[in-house]
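>>> model this:
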Amino acid sequence: MPPKTSVRLSLQSARASAMRARRARESQEQTTMRLSQVAQCSALAQASQSEEERATCLAGKAAYRASLRSRFKNTQRSRMNAQAAAHASASRASETHHQRLLLNVTNAAATAKSRAMETLDHRRARQSRDAAVTASVRAALDNSPSRAAETFDRKRARQSREAAAAASGRASETRLFRLQPTGRNPDRYFAAVGKSSSQGRHTTTSDHEVNSYIRSFKYALENAPFPSFSIVIDADNRPHDEHERSGRYYTWGARPHSRYCPQIKRRRSLQDFGDPSII
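Prediction:
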């Protein structure tokens, strides 16, 4: 704050304090006389003013009071926000690992409870709102200079992380449970039910489609331009599923859709990284 402004504010506060002290010392008759004088002065001023001047004066007073009120609200809000941020940072800094885990579990339980209680319209509104916010943030990041200077490998890694986060978010809103054993293959069916489905409509999907979708996702990660050592190790240790991909595994004779089970010619392994022409 500039020194002149601080001096002016200190003088105003001193004058206000002196006026309050003087009014506190005056008697009841003096207070009544002062109020009557103020009323007479205001009545004379209003009588001498025209309608336009009176309206202008009232509008100016209202605008000044509104500005003071908004300034006080903004100052109070900023002070409350700063205090809340300082309190949250201090509590986060002093909490232990177990307390942080308990807080995360509590927040996850509250979120799951609210998601389970929301209706279909509320869920669609929330998803559309989240999609709009995500699109705006993604557009802002795409236009940023750091995103423009991003390399191809980092872009693919970021896209993989975003896809994994989206898949985990979708998986948290859908649960799989086994149906009663019926038919020729009693243990090959699951039912996928959303958390907010109140009518009990079960979307039945077979086990091989879920596994084929997981295999296709792993195949896309294995054939990415950047090598992933953990995925390659998993590709070596995991048995090949040619008998499922050839269509001889399904007793009902239905070949799975190409979207869930792409025909893979060859799996990548550790020997592929020794040949630079393959990578």
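
>>> pLDDT weak spots in the stretch 51-200 of the chain?
Along the stretch 51-200 of the chain, segments meeting pLDDT under 70 span 147-148, 169-200.

>>> Could you pull out the helices in it for me?
Applying DSSP state H, counting those that start in this stretch to the stretch 51-200 of the chain gives helices spanning 51-94, 97-117, 120-142, 145-148, 152-172.

>>> got the angle between the last one and helix 120-142?
Orientation check (axes from the mean of the first three to the mean of the last three C-alpha atoms, to 10 degrees): helix 152-172 against helix 120-142 gives 170 degrees.

>>> Please put the alpha-carbon coordinates of helix 152-172 into CSV.
Only the C-alpha atoms of helix 152-172 are listed here, as CSV (Å, rounded to 0.1, in the frame of the first residue of the first chain):
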residue,chain,number,x,y,z
PHE,A,152,6.2,-38.6,-30.9
ASP,A,153,7.2,-41.0,-28.1
ARG,A,154,6.0,-38.7,-25.3
LYS,A,155,2.7,-38.2,-27.2
ARG,A,156,2.1,-41.9,-27.5
ALA,A,157,3.0,-42.4,-23.9
ARG,A,158,0.6,-39.7,-22.8
GLN,A,159,-2.2,-41.1,-25.0
SER,A,160,-1.6,-44.6,-23.4
ARG,A,161,-1.9,-43.1,-19.9
GLU,A,162,-5.1,-41.2,-20.9
ALA,A,163,-6.6,-44.4,-22.4
ALA,A,164,-5.7,-46.4,-19.3
ALA,A,165,-7.2,-43.8,-17.0
ALA,A,166,-10.4,-43.7,-19.1
ALA,A,167,-10.6,-47.5,-19.1
SER,A,168,-10.2,-47.6,-15.3
GLY,A,169,-12.9,-45.0,-14.9
ARG,A,170,-15.3,-47.0,-17.1
ALA,A,171,-14.4,-50.1,-15.2
SER,A,172,-15.2,-48.5,-11.9
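
>>> quick check: angle from it to helix 97-117?
Using the same axes, to 10 degrees: helix 152-172 against helix 97-117 is 60 degrees.

>>> hmm, back to that, take the helices of the stretch 51-200 of the chain and write them to a markdown table, including distance to Q30.
C-beta coordinates here come from the backbone N, C-alpha and C atoms, glycine included. Listed next are the helices of the stretch 51-200 of the chain as a markdown table, based on distance: least, C-beta to C-beta, whole Å:
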| stretch | distance to Q30 |
| --- | --- |
| helix 51-94 | 27 |
| helix 97-117 | 61 |
| helix 120-142 | 63 |
| helix 145-148 | 71 |
| helix 152-172 | 73 |
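
>>> Let me have the ones you listed in CSV, extended by mean neighbour count.
Listed next are these as CSV, based on neighbours: other C-beta atoms under 10 Å:
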stretch, mean neighbour count
helix 51-94, 10
helix 97-117, 11
helix 120-142, 11
helix 145-148, 9
helix 152-172, 11
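
>>> So for S10, which of the ones you listed sits nearest?
helix 51-94 (18.4 Å; C-beta to C-beta).

>>> Can you say which of the helices of the stretch 51-200 of the chain is nearest to R20?
Going by C-beta to C-beta, the one of the helices of the stretch 51-200 of the chain nearest R20 is helix 51-94, 18.6 Å.

>>> Which other helices and strands does that closest one contact?
The contact analysis (3 or more C-beta pairs under 8 Å, 6 or more residues apart in numbering; DSSP states H and E) places helix 51-94 against no helix or strand.
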